[in-house]
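In: Could you look at this predicted model? Sequence included:
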Amino acid sequence: MKQWFFIIWLTYSGGETLLLAQAALPLPSEMRPPYPGRIADISLLEGFQRVAPPPSSYAAYLQSLPLKKDTLIYLHTGQRKPDQSFGWAVLDIDVGTRNLQQCADAAIRLRAEYLFAQQRFEEIHFNFTSGDTAHYLHWREGYRALLQGNQIQWVKKAAYDASYTNFRHYLDVVFNYAGSWSLEKELRAVPTLEEINIGDMLVRGAFPGHVMIVVDMARHLETGEIIFLLAQSARPAQDIHIVRNRVNPTHSPWYRLSDLKPQIQIEEWTFYPESLKRFLVLYIGLWAGLFPACQPGQNAPSGPDKSDSSASAKIKAVALSPTPNLESFDLTFYGEMPGQGPIQMNLRRFGDELSGVYWNTSSQEDVFLKGTLRPDGESFELSALNARGEPKGILSGKLRNNSLSGNWRASGSEAEQAFSLQAKDRTENEAVKIDDLELNKDNYEKTQTIRITFPQLLGIKDPVMANKVNLAISSYFESHTLMDSVGKVNFPFSEEVTFAVTLFTNHLVSISKHHKLSKNNDTYLFDDSHGINMDYRRAKVFQIQDLFKPNALSQLNALLLQRINKSCGGKLAEEVLAKCRLAPEESNSFSLSEDKITFHLTERLPYEARGCGYVRIEYRELEILFNPSGPLPQVLASLKAKQAARQKKSEG
């Protein structure tokens with residue numbers, strides 16, 4: 001039985017109409033029990049497949065946002081919004097108690113919450129309508145914005161406070177002094193509508209203006225057509241909600257991109273292709289030059305009380321000790337998975353734990369694996385998850401003689417289908433070389449320039465593997481986002497971005513990014529906080545647990561924290577150092593050279609201690625912690641052979 005609400009109107013003699021009770025459209029079938037728990041659970045139109053962004057990306061965060069079971073929109077006062085016809089579903093995120101979190105503020109809130117959760121605090125900054133920038137890091141240190149004449153001055157008024165409550169206070173100030181007009185000016189335009197992505201916004205900067213946020217997307221499996229979901233808040237401040245498609249109710253809440261050309265008409269708001277905007281991603285190489293830094297080998301400045309709280313703690317030397325050598329392997333399997341076609345699987349073992357990834361060789365969408373090997377040494381069970389962390393199915397069976405066979409059971413199904421995969425070692429010697437792709441950008445006055453030399457691997461014989469490898473490299477560094485700094489800061493600069501590439505004999509390649517920034521007649525050199533290390537024969541991206549025994553990770557972390565604190569003069573508090581601990585699944589916090597490993601942990605430290613986050617340790621010192629199935633034993637063996645050859649040559 002359909003449920004309806006009714007509209008009751010009263011018309012005064014003067015012609016003014018008063019809305020007493022507002023009708024909602026019939027509750028959509030998708031929103032009747034069971035309710036979609038998240039945005040990613042909203043049903044798709046037939047023939048479409050949801051976009052699967054990287055797990056830690058802003059897009060994946062938006063897809064994972066929870067929805068309320070109650071579809072009614074409430075105002076900041078706690079009262080129901082009179083007109084309920086715009087909303088399809090309501091995000092489970094508070095609106096606050098003041099009339100602040102309106103349309104542009106909703107976009108700011110979601111972006112800031114994501115960055116806060118990722119601990120990317122330096123990227124939390126938004127512009128006031130006055131043009132002044134409000135940096136969360138300044139706010140956290142106790143600086144407050146004071147209006148003096150027509151200028152905003154940031155004055156130290158409070159103690160350091162990194163709490164979430166203080167973060168929300170910061171956002172309330174931003175909501176009060178920012179809006180659609182200021183937000184539009186600090187965003188970058190998306191070149192074409194076809195390049196729309198989750199996290200993009202439709203922005204009409206005006207007084208009043210409006211902002212709508214793309215929170216999910218899907219593509220048609222055959223035609224490639226794009227559909228997307230929009231979320232918004234409005235005036236007065238109200239729940240952020242998924243927008244109903246009232247123009248084409250049969251598609252609601254989805255909007256077809258093809259229906260929104262040449263102009264985008266959504267409710268009473270008219271947007272144009274140039275209204276599609278995207279948050280600017282400023283990278284650490286540029287912004288680190290704006291703040292004092294502790295360079296490697298130098299002591300950090302005294303800093304605020306938060307660092308001094310454990311400054312008296314003694315820096316003790318860390319002695320590494322052997323850990324048990326458990327059964328381990330790192331193998332690549334090939335074969336077909338039921339209903340998924342031909343796949344390649346990279347699977348690792350350490351003790352009774354199994355983990356890895358597989359992908360269809362045509363779609364190349366990653367499926368992540370985690371499970372256990374039973375005491376008999378053969379029986380296994382693996383959970384398969386998609387890029388958003390959602391269950392995809394279960395693999396169970398036997399591991400024997402480099403073969404993996406058993407049954408696949410898709411999530412939500414009881415039916416089991418047999419599969420069989422074989423481990424193969426691709427031993428062919430591919431003459432891989434590094435090519436450079438140059439990217440350049442200047443502002444109109446030629447006072448701001450960026451020059452990027454981006455690496456690509458050429459010579460990989462398998463075109464599918466070549467595409468997978470180079471796509472992995474580009475997705476890790478996102479060089480196009482570096483270019484967006486041009487025209488977005490108010491000082492002249494010249495930036496050169498290069499990539500250090502090391503090719504090893506065991507098909508291992510390690511890439512890290514380096515910056516040279518010239519500003520105000522000063523030059524700053526920065527290593528990047530990201531690297532990628534992979535076996536290019538099989539597109540295997542190495543994680544910390546591939547390099548070091550998982551049961552030795554506590555020793556590695558103890559050594560790292562000791563080196564970081566020593567480099568910064570013993571001034572770092574325990575809670576600051578704790579953020580530098582490595583997790584087994586990390587893949588971008590280190591890079592490899594011929595004789596040492598460099599850990600890139602700068603973004604985890606306060607600005608004044610950033611330089612201490614580069615920790616370089618020779619392989620020989622860490623040999624006792626190596627994972628015997630990983631790439632480092634062979635790297636060190638090759639280094640020792642070269643050193644022995646050089647020694648023999650010098651003696652001869």
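Out: Looks like it arrived, so ask away.

In: only C-alpha atoms for contact and neighbour calcs from this point on.
Out: OK.

In: Scan the helices and strands of the protein for the one with the lowest mean pLDDT.
Out: strand 17-21 (a mean of 31; mean pLDDT, DSSP states H and E).

In: Follow the chain on from that one and name the next helix or strand.
Out: Scanning forward in sequence from strand 17-21 by DSSP states H and E, the next helix or strand is strand 48-50.

In: Can you name the residues in contact with that next one?
Out: 44, 216-221 (Cα atoms under 8 Å, 6 or more residues apart in numbering).

In: Now the buried members of those residues.
Out: 44, 216-219 (16 or more other Cα atoms under 10 Å).

In: In helices only, show me these.
Out: The members of these all map outside helices under DSSP state H.

In: a markdown table for the residues you listed, including distance to residue 97 and pLDDT?
Out: Listed next are those as a markdown table, based on distance: Cα to Cα, whole Å; pLDDT from 0 to 100:
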| residue | distance to residue 97 | pLDDT |
| --- | --- | --- |
| 44 | 34 | 94 |
| 216 | 28 | 96 |
| 217 | 31 | 94 |
| 218 | 35 | 94 |
| 219 | 38 | 92 |
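
In: Strands - which of those land there?
Out: 216-219 (DSSP state E).

In: Dump those to CSV, plus distance to residue 587.
Out: Listed next are those as CSV, based on distance: Cα to Cα, whole Å:
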residue, distance to residue 587
216, 27
217, 27
218, 28
219, 29
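
In: Pick the one among those closest to residue 585.
Out: residue 216 (26.5 Å; Cα to Cα).

In: ok, the closest one - contacts?
Out: Counting by Cα under 8 Å, 6+ apart, residue 216 has contacts 39-40, 50-51, 59, 62-63, 198, 228-230.

In: which of the contacts of strand 48-50 lies closest to residue 248?
Out: Distance to residue 248 across the contacts of strand 48-50 (Cα to Cα) is lowest for residue 44, with 14.9 Å.

In: OK, contacts around that closest one?
Out: 50, 218.

In: Next, it: phi, psi?
Out: phi -90, psi 160 (degrees, to the nearest 10).

In: Out of the ones in strands among the buried ones among the contacts of strand 48-50, flag the one nearest to residue 464.
Out: Checking those against residue 464 with Cα to Cα, the nearest one is residue 219 at 21.8 Å.

In: Name the nearest residue to that closest one, sequence neighbours excluded.
Out: residue 226 (4.7 Å; Cα to Cα, 6 or more residues apart in numbering).

In: Return stretch 38-46 as CSV; C-alpha atoms alone will do.
Out: Extracted as CSV, the C-alpha positions of stretch 38-46 are listed here (Å, rounded to 0.1, in the frame of the first residue of the first chain):
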residue,chain,number,x,y,z
ARG,A,38,25.0,4.2,2.6
ILE,A,39,25.1,6.2,-0.6
ALA,A,40,26.8,3.3,-2.3
ASP,A,41,23.8,1.1,-1.5
ILE,A,42,21.4,3.2,-3.5
SER,A,43,20.0,1.1,-6.3
LEU,A,44,21.3,1.6,-9.8
LEU,A,45,19.4,2.0,-13.1
GLU,A,46,19.4,-1.1,-15.2
